[in-house]
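Peer 1: Next input, structure requested:
(chains A and B)
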Amino acid sequence: MKIATFNINGINKRLKNLLDWLAEAEPDVVSLQELKATDTKFPGAAIERAGYGAVWRGQTAWNGVAILARGTVPVPTQLELPGDGGDRQARYLEAAVNGVLVTSIYAPNGNPQPGPKFDYKLAWNDRLLAHAAELMAADVPVVLAGDYNIVPEPRDIYETRSYDDNALVQPQCRKAFQRLLELGWTDAIREAFPDETVYTFWDYKRNRWPRNAGLRLDHLLLSPQAGTRLVEAGIDRHIRSRDGASDHAPAWIRLE
DNA sequence: ATGGCTTACATAGTAAGA
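Peer 2: Numbers count the residues shown, from 1 in each chain, chains lettered A, B, ... in the order given. From the prediction side, this is the model:
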């Protein structure tokens, strides 16, 4: 069972990129972020023609998350991250596919910091931690897939000082990610590449892709019941170099 | 080191991304 997460950065703008990748990578489950489309603008028919059922939560202009499943329709279990009924941003979706719970997480970016956006990011991370604890207690295979907008460690970003004040690398954010690991979640990509430099995002600006000035922001965290089934993982880096590519590359795992 | 791209919404120029 191959499960991928991909910040598509505009699903309609990049529909061809998405369909080409689906056809060649053949993931069984796909967690998508940054649809940048309303519910009615989600390209459900094209995705169905590609062989995938889908659930999604859209929003005007920004955010938006979806979960796709090959040959079946995901069964949604959460349409939003619990803990703040007033939060209207489409940043969380959770669904069951063939006995595995999979999320699409699009955590807030949080810039500039300090400020209200950063406060929202920290509060959102707290809510994610609380919900992750509940999922852990359910004792089932869970894959917390998505764009966390957190660089877990210094080795997960290229050599630079330009991000020192950026929300992505702040200690409060890294601590939130670390707490998830302490709860018992496994960072699948780091588990598969313990000593390698692995990036999933390269800014469009400043020649960051050609000079591999990247960041690792997209993560797949596994509950113990999923972690014992991990056999392979990867980043589809070549997707980032295509015409009209998203600024993120797909990250994926394979569970036995 | 640098907002130097790119998008949606709109139909010019902002806001947002990370």
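
Peer 1: Show me what from chain A comes close to DNA strand B.
Peer 2: Within reach of DNA strand B by CB under 7 Å from any atom of the strand, chain A has these residues: A:7, A:9-10, A:12-13, A:34, A:36-38, A:41, A:60-62, A:108-109, A:111-112, A:117, A:147, A:149, A:160-162, A:166, A:168, A:201, A:203-207, A:215, A:217, A:244, A:247-248. For glycine as for every other residue, the C-beta is placed from the backbone atoms N, C-alpha and C.

Peer 1: Which of those fall in strands?
Peer 2: The strands, defined by DSSP state E, take in A:7, A:147 from the residues of chain A next to DNA strand B.

Peer 1: From the residues of chain A next to DNA strand B, list just the buried residues.
Peer 2: With neighbours counted by 16 or more other CB atoms under 10 Å, the residues of chain A next to DNA strand B contain buried members at A:7, A:9-10, A:34, A:36-37, A:108-109, A:147, A:149, A:166, A:168, A:201, A:215, A:217, A:247-248.

Peer 1: Counting neighbours, what do you get for residue A:1?
Peer 2: Neighbours of residue A:1 under the rule other CB atoms under 10 Å: 20.

Peer 1: Return the distance of it relative to DNA strand B.
Peer 2: For residue A:1, the distance to DNA strand B (CB to the nearest atom of the strand, to the nearest Å) stands at 26 Å.

Peer 1: any idea where the helices of chain A begin and end?
Peer 2: A:15-25, A:44-49, A:116-138, A:171-183, A:188-192, A:224-227 (DSSP state H).

Peer 1: Indicate which one of the ones you listed is closest to residue A:256.
Peer 2: Relative to residue A:256, the nearest member of the helices of chain A by CB to CB is helix A:224-227, separated by 10.5 Å.

Peer 1: was I right about residue A:126 contacting residue A:175?
Peer 2: No: contact criterion CB atoms under 8 Å: residue A:126 and residue A:175 do not qualify, at 11.0 Å.

Peer 1: Can you dump the C-alpha atoms of stretch A:182-198 in CSV for me?
Peer 2: The C-alpha trace of stretch A:182-198 is given here as CSV (Å, rounded to 0.1, in the frame of the first residue of the first chain):
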residue,chain,number,x,y,z
GLU,A,182,7.7,11.5,21.8
LEU,A,183,4.1,10.5,21.7
GLY,A,184,5.2,7.5,19.7
TRP,A,185,4.8,8.6,16.1
THR,A,186,7.5,7.6,13.6
ASP,A,187,8.9,10.1,11.1
ALA,A,188,8.8,7.7,8.2
ILE,A,189,11.0,9.7,5.8
ARG,A,190,13.7,10.2,8.4
GLU,A,191,13.5,6.5,9.4
ALA,A,192,14.0,5.5,5.8
PHE,A,193,16.9,8.0,5.2
PRO,A,194,18.6,8.2,8.6
ASP,A,195,21.8,9.9,7.4
GLU,A,196,20.8,11.6,4.2
THR,A,197,19.9,15.1,3.3
VAL,A,198,16.2,15.0,2.3
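
Peer 1: Let's see the pLDDT reported for the closest residue in space to residue A:30 that isn't next to it in sequence.
Peer 2: Take residue A:30 and drop its neighbours on the chain: the residue closest to it by CB to CB, 6 or more residues apart in numbering is residue A:68, 4.2 Å away. pLDDT for residue A:68: 98.

Peer 1: if I pick residue A:68, what's in contact with it?
Peer 2: Shown in contact with residue A:68 (CB atoms under 8 Å, 6 or more residues apart in numbering): A:22, A:27, A:29, A:30, A:32, A:47, A:52, A:53, A:54, A:74.
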